[in-house]
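Peer 1: Here is a sequence together with a model predicted from it:
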Amino acid sequence: MKRRQFLAAASAAAGMVQMPWLSAAARGDAADKILVAVELSGGNDGLNTIVPFADDAYYQRRPTLGIKRTATLELDDFYGFNPGMLGLQRLWQSGDLAIVHGCGYERPSYSHFNAMAYWHTGVPHRGDEFGWMGRVADQIAHRRQDDLLINIGSQQSLAVKSARHTPLVFDDPQRFQRDRWMSDIPADAITSVTSKNDARAFLRAVNQSAQISSQRIRQAWEAYQSPIDYGIAPMDLPKVAACIDAGLSTPLYHVSFRNNAFDTHVQQPALHRRLLSYACDGIHGFIQDLERMGHADRVVVMVYSEFGRRVPENANLGTDHGSANVMFLAGRPVRGGHYGRQPSLTDLVDGDNMAYTLDFRSVYATAIQGWLGVAASPVLKQPFEILPIFSAA
Amino acid sequence: MMLSGRAVKSFGGYPRGLVFASMLSFSAHAELDLSPLQDADWSRSNAAHLASRAGFGATQEELDSLALLSAQDAVEQFIVGKGQPLAVEFDASDIFDVGLDPFPPSRPATTTLARRQGHALGVSVKPAGNRPLQPVVNKFFYWLRASRLETDRVAYWWANRMLSTPHPLQEKIALFWHGHFATNEDKVRDYRKMLQQLALFHDLGLGRFRELMVAVATDPAMLVFLDAGVNVKDSPNENFAREIMELFTMGVGHYGEKDVQEAARAFTGWNYRGLDFHLVEQEHDRQMKTFLGRRGNFDGVEIIDLIMDQPSTAQYIGAKLYRYFVNQDLRAEDEAQLGRLLSDLEFDIAAFLRTLFLSNDFYDSGNRGSHIKSPVELMVSTYRFLGLSEVPGVPDFNVVSGALGQRLMHPPTVAGWSQGRSWITPSLMFERNNFILEVLYPDIGFVPPDRYPSYTAEIVNVQDRLRQGMSISAATRPTGISGGEQTMAASNLMADRDEDFNTRLGSMRGWQMALERVKPTPRRPAAINLSAWVLDAGCLTSRDAVNLLAKTFFLVPLQASDKQRLTAFLSKELGGNTLPEAATYLEDPLRKLLHVMLSLPEYQLG
């Protein structure tokens, strides 16, 4: 609390209009909840993530790439974790990890870009102008606010595109500042323009949003210090932790493991293990950090990828684009355990792919309604089953 | 997004009466007006628009001479170039050694290979003694660093071409194809292949699309990037065939999964040897294939020819070119018209662009100033407007363009860069403003990224600890992390401490070796003299200076109120309103003014 008061005083002193940023408590407890979406781009191989070692078909289809039971990290007597996943194993052991099996949708796309667009919009095949998280924000607040969505990345993700709100997108908080040069008039003092030129109006709006938010983000980052080990490549989760710790009222965050990294067509084993270790270290470090800061009860992490990979391995020690995949929900509020159903590895569809057993939007609905307490059907445009991850079954 | 104010003059060859009748019907859709601009409509501002889109902007002198030409001659000057082409070859460093190609896909793959065959990358494994694989690992990191640094030099060389070329469209289209056939050095790991691919974009970029497509598909950089080498008869790998269809030609939705699999068979055995295409006969599938409804024992080139015959290919490429050169917000219903045009012109890219650049549509008010400059466009055009003859060494071109989201030779994914609004986020808006500041006031704390390992800074600490006499194991242990094994991250717990080699040591030694052989990048900052320029142009007052800078740097007119504020700002800095009296101390006030001006959101528009 002390830090928040200090920041409030600091920003008041700086004469900034920032009331919306500091109103987490004022918005009531529902608004205190936070959802962090973590994207593993490139198509994470779910079968070699949560390894079904007790299923013989797994080793028949993956004679070389199949991970032996003894090499996995212990999970239960059917599944094991990929050996790089120490971070998620620790969360599993403390009951803070929900593993959701068989997530997918009808007539899956095997294109990274289409499939990712379907996951970002939550509207397979038809797509949508706005992202599913953007629509959650629209549902939370009908009037424009600039503090509902934070997307850390070099580009804005379609997932956070909103009809009403401007997502705050940044990559390096330290660089999120306009350097001045002994100038008496800051550039932002320049009058605004009403223009028929759409691109010009867009630039003006983004510029204004940047003015309002940058100092806040930089302060959050500068004030943040953590002894927690997030591993080698923690995505951008320490930045999220900094924002939360600084008292930002943002309920929706999106980060990603970037640049299609999980697209493991060739030489998969060492690479995949390393990628998973980075991702899982980051998530585990983040949850530990939240514990340290006293925010662990407010935050849930949801992990997704645009598709899983084909069941049979290819001839290059790799796997090709597939369909149904495993998703994760992690954090203190989560009831740990298995959800959904592992698809059959013998009754394959559509050229050696698993048939999905659960629409991925069920997991979205669970996060939206079961966790954030926002009605999911208007966001997802149809009702989906809510999994008992946040309430007693 | 609808375009506003688009003039409708051409009716695509339909009989006038019929068109008139259909215009009256409610559902009628006006086509793009691709009929040529009348010479009477040619103007200096049209020339500025053309130079911004077909090149990287023009200086005032260049605009003066373009404005005197006819529209047709001005466009032709961009299509074919003006005068002799630049003849500056890339000045390569001597970094390649026999044994480095083919380069294994990872460090583990390298050490596995070395263990199996006793050598790798042209380096033998030591028969006994300490860390027998270390020399191989050192060599692995050497090439990783050296190739990356040399690729940065290629990017610098290219940026200088963009700045100084007499044929800017050749560079602009090369940049388009670099984003279209997106290939990243991070995976290719060979600057020579990147350079060779870039030459294709330069040489064939304005030619016929089929030739370029075949050349790119048989070029080693793309073959490495899309794992073509592992696509073999007994186990076809679809990556290459899929991306050719989805991203390079037809676009998704115009073929089925079966077509992808069949095309993959036709590309089996495609591989490279050094810098040449190489067909591995025994891996190539010569059997019957069914592709897009046709049957035959097609090879890869025949597959590409079948793809070229699809209307969706002309439409996909035509629309993408239009979005890049004219307006990102092209209506979906206008794509077919562009596809027909490209198809009628037999995929001749120069002819297609000539038609676009001459068209009434191109100069329509809805299309002017509608383009958000890409980072590379922003940087190169800024340097052009400033009248520079070489790309400054400070700030670093690659670091800045990378921070802005467009590092040359490193497109983020195989889909290339998204254009338009996706270039802009709140923080990238600031980065763009800060770039201007760094050009006008070079950072005296600048650290050259080709001399200091800024993205693997930990190895500098490793070096320090080794110099203090620590053992290799102690010197390479991860630092800065508290807590015991219970809380340490797996990736840190397992950081390579293989007894046969040490990865961090290899990384450090690789940098040292690369430093020796990669030529340094010159680090001169921009040589700018705004005061001489403004005074020579005859500016007498603060208002004159603001007007000159606005005219030089902006494609859209600034608001009168903004100009007033800027004028007042300059006058205050000068302590007066007249420039000649302030001539001896004019430079800093002008630079401050320019920084404020180019930080306006409107400066991003081209």
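Peer 2: Yep, it's here.
Peer 1: Just the helices from chain A, written as ranges.
Peer 2: Applying DSSP state H to chain A gives helices spanning A:2-13, A:56-61, A:86-93, A:112-121, A:132-140, A:198-223, A:237-245, A:268-293, A:360-365, A:376-380.
Peer 1: chain center to the third one: distance?
Peer 2: This points to helix A:86-93. Distance of helix A:86-93 from the chain centroid (C-alpha atoms, centre = their mean, to the nearest Å) equals 18 Å.
Peer 1: That helix packs against which elements?
Peer 2: Packing contacts for helix A:86-93, counted by 3 or more C-beta pairs under 8 Å, 6 or more residues apart in numbering or on different chains; DSSP states H and E, involve strand A:73-74, strand A:80-81, strand A:97-104, helix A:268-293, strand A:325-330, helix B:490-493. From N, CA and C alone the C-beta is placed, and that goes for glycine too.
Peer 1: Surely B:Asp450 and B:Pro520 touch.
Peer 2: Yes - in this structure, B:Asp450 is within contact of B:Pro520 by C-beta atoms under 8 Å, at 6.4 Å.
Peer 1: want to throw the helices and strands packed on helix A:86-93 into a markdown table with mean pLDDT and mean neighbour count?
Peer 2: Formatted as a markdown table, these follow (pLDDT from 0 to 100; neighbours: other C-beta atoms under 10 Å in any protein chain shown):
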| stretch | mean pLDDT | mean neighbour count |
| --- | --- | --- |
| strand A:73-74 | 96 | 15 |
| strand A:80-81 | 98 | 23 |
| strand A:97-104 | 98 | 25 |
| helix A:268-293 | 95 | 24 |
| strand A:325-330 | 98 | 26 |
| helix B:490-493 | 66 | 22 |
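Peer 1: so for stretch B:573-580, what's the average pLDDT?
Peer 2: Mean pLDDT, computed over stretch B:573-580, is 95.
Peer 1: Return the set of buried residues in it.
Peer 2: By neighbour count on 16 or more other C-beta atoms under 10 Å in any protein chain shown, the buried set for stretch B:573-580 is B:Glu573, B:Leu574, B:Asn577, B:Leu579.
Peer 1: Repeat that for stretch A:105-121.
Peer 2: A:105, A:108-121.
Peer 1: returning to that earlier point: among the helices and strands packed on helix A:86-93, which is nearest B:Gln564?
Peer 2: Comparing those by their distance to B:Gln564 (C-beta to C-beta), the top pick is helix A:268-293, with 49.0 Å.
Peer 1: Give me the neighbour count for A:Cys95.
Peer 2: Rather than Cys, residue A:95 is Gly. The number of residues packed near A:Gly95 is 12, by other C-beta atoms under 10 Å in any protein chain shown.
Peer 1: ok, it - contacts?
Peer 2: Residues in contact with A:Gly95 (C-beta atoms under 8 Å, 6 or more residues apart in numbering or on different chains) are A:Arg335, A:Gly336.
Peer 1: Equivalent analysis for B:Val301, please.
Peer 2: By C-beta under 8 Å, 6+ apart, the contact set of B:Val301 is B:Val214.
Peer 1: got the residue ranges for the strands in the stretch 251-400 of chain B?
Peer 2: B:270-273, B:276-279, B:289-291, B:294-296 (DSSP state E, counting those that start in this stretch).
Peer 1: If I average pLDDT within each of the helices of chain A, which one is lowest?
Peer 2: Out of the helices of chain A, helix A:2-13 stands lowest, with a mean of 35 (criterion: mean pLDDT).
Peer 1: domains of chain B?
Peer 2: Using automatic domain parsing, the domains assigned to chain B come out as B:32-80, B:107-308, B:530-604.
Peer 1: residues contacting B:Leu86?
Peer 2: Contacts of B:Leu86 (C-beta under 8 Å, 6+ apart): B:Arg161, B:Ser164, B:Thr165, B:Pro166, B:His167.
Peer 1: Which among the residues you listed count as buried?
Peer 2: B:Arg161, B:Ser164, B:Thr165, B:His167.
Peer 1: Tell me which entries of those lie within helices.
Peer 2: Residues of the buried ones among the contacts of B:Leu86 located in helices (DSSP H): B:Arg161, B:Ser164.
Peer 1: now, the most widely separated pair of the buried ones among the contacts of B:Leu86?
Peer 2: Greatest spatial distance in those: B:Ser164 and B:His167, 10.5 Å, computed using C-beta to C-beta.
Peer 1: what's the closest of the helices and strands packed on helix A:86-93 to B:Phe277?
Peer 2: helix A:268-293 (26.7 Å).
Peer 1: Which strands and helices lie in contact with that closest one?
Peer 2: Applying 3+ C-beta pairs under 8 Å, 6+ apart, we find helix A:268-293 packed against strand A:34-40, helix A:86-93, helix A:237-245, strand A:252-257, strand A:299-304, helix B:490-493.
Peer 1: give me that answer again for 7 Å
Peer 2: Judged by 3 or more C-beta pairs under 7 Å, 6 or more residues apart in numbering or on different chains; DSSP states H and E, helix A:268-293 is in contact with helix A:86-93, helix A:237-245, strand A:299-304, helix B:490-493.
Peer 1: now the angle between strand A:34-40 and that helix, please.
Peer 2: 170 degrees (axes from the mean of the first three to the mean of the last three C-alpha atoms, to 10 degrees).
Peer 1: what's the angle from helix A:268-293 to strand A:97-104?
Peer 2: Using the same axes, to 10 degrees: helix A:268-293 against strand A:97-104 is 130 degrees.
Peer 1: Distance-wise, check A:Ile228 relative to chain B.
Peer 2: Here the criterion is C-beta to the nearest C-beta, to the nearest Å. By it, A:Ile228 lies 8 Å from chain B.
Peer 1: What's the local residue count around that residue?
Peer 2: With other C-beta under 10 Å as criterion, A:Ile228 counts 23.
Peer 1: Name the nearest of the buried ones among the contacts of B:Leu86 relative to chain A.
Peer 2: Nearest to chain A among these is B:Arg161, at 25.7 Å by C-beta to the nearest C-beta.
Peer 1: give me every residue that touches that closest one.
Peer 2: B:Leu86, B:Glu171 (C-beta atoms under 7 Å, 6 or more residues apart in numbering or on different chains).
Peer 1: again, only this time at 6 Å
Peer 2: Shown in contact with B:Arg161 (C-beta atoms under 6 Å, 6 or more residues apart in numbering or on different chains): B:Glu171.
Peer 1: could the strands of the stretch 251-400 of chain B be laid out in CSV, adding mean neighbour count?
Peer 2: Listed next are the strands of the stretch 251-400 of chain B as CSV, based on neighbours: other C-beta atoms under 10 Å in any protein chain shown:
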stretch, mean neighbour count
strand B:270-273, 19
strand B:276-279, 14
strand B:289-291, 19
strand B:294-296, 12
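Peer 1: and chain A, which of those is closest to it?
Peer 2: For the strands of the stretch 251-400 of chain B, the distance to chain A is smallest for strand B:270-273, at 12.7 Å, taking C-beta to the nearest C-beta.
Peer 1: residues making contact with that closest one?
Peer 2: B:Pro220, B:Leu223, B:Ala228, B:Gly229, B:His278, B:Val280, B:Gly300.
Peer 1: could you flag which of the residues you listed are buried?
Peer 2: B:Pro220, B:Leu223, B:Ala228, B:Gly229, B:Gly300.
Peer 1: which one in those residues is the model shakiest on?
Peer 2: Minimum pLDDT for the buried ones among the contacts of strand B:270-273 is recorded at B:Gly229 (80).
Peer 1: where's that residue relative to A:His272, distance?
Peer 2: 20 Å (C-beta to C-beta, to the nearest Å).
Peer 1: cool, and B:Ala532?
Peer 2: 60 Å.
Peer 1: Same check on B:Leu206?
Peer 2: Taking C-beta to C-beta, one finds B:Leu206 at 42 Å from A:His272.
Peer 1: With A:His295 instead?
Peer 2: Taking C-beta to C-beta as the measure, A:His295 falls 31 Å from A:His272.
Peer 1: Who are the contact partners of A:Ala57?
Peer 2: Going by C-beta under 6 Å, 6+ apart, A:Ala57 touches A:Leu345, A:Thr346.
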